[in-house]
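>>> What follows is a predicted protein model with its sequence.
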Amino acid sequence: MKPIKVAVIGVGNCASSLVQGVAYYRSNNSSQGLIHDRIGGYGAGDVDFVMGVDVDARKVGKDIAEAIFSAPNNTAVFHQDVPATGTKVMMGRVSDGVAPHMTTIGDKGFIVSNEPEATRETIVQALKDSGAEILINFLPVGSQDATEFYMECALEAGVAVVNCMPVFIASRPEWERRFAEKRIPIVGDDIKAQVGATIVHRVLSSLFAARGVTVERTYQLNTGGNTDFMNMLDRERLGSKKESKTEAVQAMLAERLADENIHVGPSDYVPWQKDNKLCFLRLEGLQWGNVPMNLELRLSVEDSPNSAACVMDAIRCCKVALDRGEGGALVGPSAYFCKHPPQQFNDDTAAQMVEEYIAAPAIAAE
């Protein structure tokens, strides 16, 4: 089968893990670590990265295969031998994609390239020239204007989208309607991890509800040392992220908690953790006879590889939609792979919806 042609906005840690993973699965006939071995006939190695966009001087102008290992990226290198893609990272639009404090802290932050910033026309033309079918949005948290800029470009170029970050596009009716009208698929918003803080918190919340334990209070505290956590030191950029993660948990509770009884979100930046993320969860509840109980959990994961399996499945679901001539938000895949989908479902239901979507016959284009 012809490879799926993918454009990446933001060549950071998440892009690094995804690109490494495609090379890894292309050279290793293995389904280990995948949620689905094949979707619509496509495997995890059936992706070509045909366009990369970033604003950091250490990445712009480099082949994507080289740029993914450039500072400030600090995720695990699990597949060093990534073949050159033949595609150089182009300069993007800075806008609000770079928090001001990220440019003042040297090599660990962003060093913005002095190349001319991309215009809407140059991004649209680059998408068309590259033959990209799917655009992956890996911009930093808080990049509202920058994300909307690239979504406009995708719509104009006719390119499907996997929105991996918490600027609400697929889950906002006015945006989703535009993708549907143009028959362009989108999966979003805010990608879940394979086994991360949000999915574990959701599962435990569902477990409490299923076993008749009333959740009274809960928190999720996270620390990490990558640019994502450094970026989120600017608390003004956290609004949509906190909403996305909080609503993902609230949706699984038998009764919605008051705002003062639920806290979900990043806690602090710890440089030496690099791309390792530590999550501390606590749920307090009432059992039989209103007797109190609590559960505490500590989760340690390499943050960026932890999202790649979900991104890979979302890419392939988008490709299936393109092959079928479908458009708009993919409800089941968005619910299963994202924290803030257009419609929330419990994870078992969402998983079944994905299986049914994958198995469904093609829908003829009008």
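Sure thing, it's come through. The shown structure was predicted, so the numbers you read here are calculated from the model rather than taken from an experiment.

>>> and the residue in the chain sticking out farthest from the centre, what are its phi and psi?
Relative to the centre of the chain, and counting by C-alpha atoms, centre = their mean, the farthest-placed residue is G289 at 41.7 Å. When read as degrees, to the nearest 10, the backbone of G289 gives phi 70, psi 20.

>>> quick one: it and V213, what's the gap?
12 Å (C-beta to C-beta, to the nearest Å). Heads up, the C-betas are built off the backbone N, CA and C, glycines and all.

>>> While we're on E366, how confident is the model there?
Reported pLDDT at E366 in the predicted model: 41.

>>> from now on call the first residue 28
Sure thing, new numbering starts at 28, so read that last one as E393.

>>> so where do the helices sit in the stretch 128-277 of the chain?
147-157, 171-184, 200-208, 224-237, 254-258, 266-277 (DSSP state H, counting those that start in this stretch).

>>> Burial-wise, tell me which of those helices comes out on top.
Comparing those by mean neighbour count (mean count of other C-beta atoms under 10 Å), helix 254-258 ranks first with a mean of 23.

>>> What helices and strands are in contact with that one?
The helices and strands touching helix 254-258, judged by 3 or more C-beta pairs under 8 Å, 6 or more residues apart in numbering; DSSP states H and E, are strand 289-296.

>>> mind running it again at 10 Å?
With contacts taken as 3 or more C-beta pairs under 10 Å, 6 or more residues apart in numbering; DSSP states H and E, helix 254-258 sits against helix 40-54, strand 241-251, strand 289-296.

>>> Looking at the ones you listed, which is nearest to E160?
Evaluated over these, closeness to E160 peaks at helix 40-54, with 14.7 Å, by C-beta to C-beta.

>>> export the helix or strand that comes right after that closest one as CSV, just CAs?
Next along the chain after helix 40-54, taking DSSP states H and E as the criterion, comes strand 74-81. Provided in CSV are the C-alpha atoms of strand 74-81 (Å, rounded to 0.1, in the frame of the first residue of the first chain):
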residue,chain,number,x,y,z
VAL,A,74,3.9,6.7,7.0
ASP,A,75,6.1,9.1,5.1
PHE,A,76,6.9,12.5,6.7
VAL,A,77,6.7,14.9,3.8
MET,A,78,6.6,18.2,5.6
GLY,A,79,7.9,19.6,8.9
VAL,A,80,7.3,23.0,10.4
ASP,A,81,9.1,24.6,13.4
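
>>> Need the per-residue pLDDT for the residue farthest from the centre of the chain.
For G316, pLDDT reads 98.

>>> tell me the contacts of it?
By C-beta atoms under 10 Å, 6 or more residues apart in numbering, the contact list for G316 is empty.

>>> same check, this time on N288
N288 neighbours (C-beta under 10 Å, 6+ apart): V242, E243, R244, T245, Y246, E311.

>>> how about the last one, secondary structure?
Per DSSP: H, G, I helix; E, B strand; the rest coil, the secondary structure class of E311 is strand.

>>> I'd say it and M320 touch.
Yes. Using C-beta atoms under 10 Å, E311 is in contact with M320, at 7.7 Å.

>>> okay, and the common contacts of the two?
F235, V240, E243.

>>> Let's have the residues you listed in CSV, adding distance to K272.
What follows is those, written out as CSV (distance: C-beta to C-beta, whole Å):
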residue, distance to K272
F235, 18
V240, 22
E243, 19
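
>>> Using PDB, write out the CA atom coordinates for the helix or strand where D340 lies.
Using DSSP H and E, D340 falls within helix 332-351. The C-alpha coordinates for helix 332-351 follow below in PDB (Å, rounded to 0.1, in the frame of the first residue of the first chain):
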ATOM      1  CA  PRO A 332       6.600   7.900  23.400                       C
ATOM      2  CA  ASN A 333       3.600   7.400  25.600                       C
ATOM      3  CA  SER A 334       1.400   9.400  23.200                       C
ATOM      4  CA  ALA A 335       2.800   8.000  19.900                       C
ATOM      5  CA  ALA A 336       0.700   4.800  19.700                       C
ATOM      6  CA  CYS A 337      -2.500   6.900  20.000                       C
ATOM      7  CA  VAL A 338      -1.200   9.400  17.400                       C
ATOM      8  CA  MET A 339      -0.400   6.500  15.000                       C
ATOM      9  CA  ASP A 340      -3.900   5.100  15.400                       C
ATOM     10  CA  ALA A 341      -5.400   8.500  14.900                       C
ATOM     11  CA  ILE A 342      -3.400   9.000  11.700                       C
ATOM     12  CA  ARG A 343      -4.600   5.700  10.300                       C
ATOM     13  CA  CYS A 344      -8.200   6.400  11.200                       C
ATOM     14  CA  CYS A 345      -7.900   9.700   9.400                       C
ATOM     15  CA  LYS A 346      -6.500   7.900   6.400                       C
ATOM     16  CA  VAL A 347      -9.400   5.400   6.400                       C
ATOM     17  CA  ALA A 348     -11.800   8.400   6.500                       C
ATOM     18  CA  LEU A 349     -10.000   9.900   3.500                       C
ATOM     19  CA  ASP A 350     -10.200   6.700   1.600                       C
ATOM     20  CA  ARG A 351     -13.900   6.500   2.300                       C
END
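
>>> quick one, that helix and helix 224-237 angle?
90 degrees (axes from the mean of the first three to the mean of the last three C-alpha atoms, to 10 degrees).
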